[in-house]
Structure formats: C-alpha cells, structure tokens
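**Student:** predicted model and sequence below, questions to follow.
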Amino acid sequence: MLTASGITKSYGDLRVLKGIDLHVEKKEIISIVGASGAGKSTLLHILGTLDQSDNGSLRINQSDVSRMSNKEKSAFRNKHIGFIFQFHNLLPEFTAKENVCIPGYIGKRDAAEVSRRADELLEVLGISARRDHKPSELSGGEQQRAAVARALINAPSIIFADEPSGNLDSKNAKELHSLFFKLRDELGQTFVIVTHNEELADMADRKLEIKDGVMLT
Ligand SMILES: Nc1ncnc2c1ncn2[C@@H]1O[C@H](COP(=O)(O)OP(=O)(O)OP(=O)(O)O)[C@@H](O)[C@H]1O
C-alpha cells in the first residue's frame, strides 16, 4: 500500500529526518509517536504528499509519488489520500454535509453519487441528524466526525491523521479512536496516525517511534 525509503528532510541546518523507511499494508493502523519536535508532522506531510522530502522515494498504491509533478500530485492526493488534522478545518459557511461533499466535487465526481456517499458516511459516523448544521452549531466531537467523513468521501487508499483527538475531551477521543477501528473493520480503511495519546498509540497494529531523525520500531 505505502512504501517510503530513505526519506530525509532538513530545515536549514536542522536535520529533522535522517533516512526514514516505512512500509504500510492495506487495512493496517499504524501509530507514530515521538517527542515534540521529533519530526512526526514533517514525516506525515511528506507521506501525504503535502510536502517534499530532500531525498528518498515514496510509493503509494503502486504509484511512484516522488516522481510526480505538483499538478499530478494534487490530483493523486485528492483521489487516493484523506487527511484528518487536530483542528477540523471545516469551512464555517458550509453545512456539515456540504463540507463532506467538497473534496468529491473538487475530484469532479458525479454530484448525485457524492451526495449519496456523504449521506451514507454521515450515517455510519452517527451524525446524520446534524448534517444540515454549520460547524459552529456542532459539538467538538461532531465536528471531528464530520472531518472524518470528509476524509473518507473519495474512498481514499490511506488516511493520514495528525493528532486527531488532540482537541477532544477523553470521552469524544475514545469514541473517535474506536471509529478508526470500525472504519478499518467495515471499510478496510488504512490509517497512519501521529499522536501523543498513548491509549490510541497502543491500540494500533504497530506503534513506531521517531527519535533523533530515525524510526525506532
Ligand atoms: N517549515 C519549517 N521551517 C523550519 N523548521 C521547521 C518547519 N517545520 C517544522 N520545523 C522544525 O522541525 C522540527 C520537527 O517539527 P515537527 O512539526 O515535524 O515535529 P513533531 O514531532 O510533529 O512535533 P509536535 O509533537 O510538537 O507536533 C521542529 O524542530 C520544528 O521546529
């Protein structure tokens, strides 16, 4: 599903990643932990094609992402990759359902099909009754579940989540964590999750740690 080899990244003199190798299988849930500043978000952004490594190669779903132009990369990202961030980043002027649909429209998919899938996902995530409300009218947990539905709308091969429960109380965090496993079991979804939440990190199939620019397993 995903193979990264020899990924390096520096910011000026700061060598953040010194040669990271990672292989993720379909349906795996991988957690990445490490001290603050260890380079977790940097790695996630590179794996998610949002940022460019200095060296190394990245293959996702048989495609050599490291060789793609920026335009090819954004089309690939829209189709194959989903993101969940600590802050939901939902657009405030749109309803929950509209927010979920937007990446589908950007991908120029059939509008009726996007709408149908959004309804299905909102149902699976338990927020259908809230679908016509704007983000400011949703609870924190509901906002984050809408963000999960948005990440799933294009049926991505892999979802990258950066501190997904960092902004939730412990009850909502637990609910979100079990949702990831439900989505894996029911939809075969693959996740790579950066987290400081030890409970979530330990629930994953594999917990990997970044230290001194390299990956400890
Ligand atoms: N655009 C940038 N320019 C310069 N330095 C950066 C940039 N982005 C990140 N860094 C530095 O790179 C290092 C790794 O940052 P990163 O955000 O990947 O860490 P992290 O492990 O995700 O940390 P945290 O757990 O605190 O979120 C940090 O020292 C950070 O200050």
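**Tutor:** Okay, I see it. In this text the structure is predicted, and so the values were computed from the model without any measurement.
**Student:** next structured bit after the longest helix seen in the chain?
**Tutor:** Secondary structure assigned by DSSP state H gives helix 170-187 as the longest helix of the chain. Where DSSP states H and E defines the elements, the next helix or strand beyond helix 170-187 is strand 190-194.
**Student:** so how far is that next one from its chain's centroid?
**Tutor:** Chain-centre distance of strand 190-194: 6 Å, with C-alpha atoms, centre = their mean, to the nearest Å.
**Student:** repeat for stretch 162-177
**Tutor:** In terms of C-alpha atoms, centre = their mean, the centre of stretch 162-177 is found 14 Å from the chain centre.
**Student:** can you tell me how far the residue nearest to the spatial centre of the chain is from the ligand?
**Tutor:** The centre of the chain sits closest to Phe160, judged by C-alpha atoms, centre = their mean, with a distance of 2.3 Å. Distance, Phe160 to the ligand, by C-beta to the nearest ligand atom, to the nearest Å: 12 Å. The way it works is simple: take the backbone N, C-alpha and C, and place the C-beta from them, glycine included.
**Student:** within its sheet, name the partner strands of the strand or helix carrying that residue and how each one runs.
**Tutor:** Here Phe160 sits within strand 158-162, counting by DSSP H and E. Using DSSP bridges, the strands paired with strand 158-162 in its sheet are strand 81-84 (parallel), strand 190-194 (parallel).
**Student:** can I get those strands in TSV with mean pLDDT and mean neighbour count?
**Tutor:** Output for the strands paired with strand 158-162, formatted as TSV (pLDDT from 0 to 100; neighbours: other C-beta atoms under 10 Å):
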stretch	mean pLDDT	mean neighbour count
strand 81-84	94	23
strand 190-194	97	24
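**Student:** need these in CSV (columns: distance to the ligand).
**Tutor:** Shown next, in CSV, are the strands paired with strand 158-162 (distance: least, C-beta to the nearest ligand atom, whole Å):
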stretch, distance to the ligand
strand 81-84, 14
strand 190-194, 6
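**Student:** could you pull out the helices for this protein?
**Tutor:** Along the chain, the stretches classed as helices by DSSP H are 40-47, 70-80, 96-106, 111-124, 140-152, 170-187, 198-203.
**Student:** and Ser5, which of those helices is closest to it?
**Tutor:** The closest of the helices of the chain to Ser5 is helix 40-47. By C-beta to C-beta, the value is 11.9 Å.
**Student:** restrict that closest one to CA atoms and write it as CSV.
**Tutor:** Output of helix 40-47 as CSV, limited to C-alpha atoms (Å, rounded to 0.1, in the frame of the first residue of the first chain):
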residue,chain,number,x,y,z
LYS,A,40,6.2,13.4,13.2
SER,A,41,4.2,16.1,11.4
THR,A,42,7.0,16.6,9.0
LEU,A,43,7.0,12.9,8.1
LEU,A,44,3.2,12.8,7.8
HIS,A,45,3.2,15.8,5.5
ILE,A,46,5.8,14.1,3.2
LEU,A,47,3.9,10.8,3.2
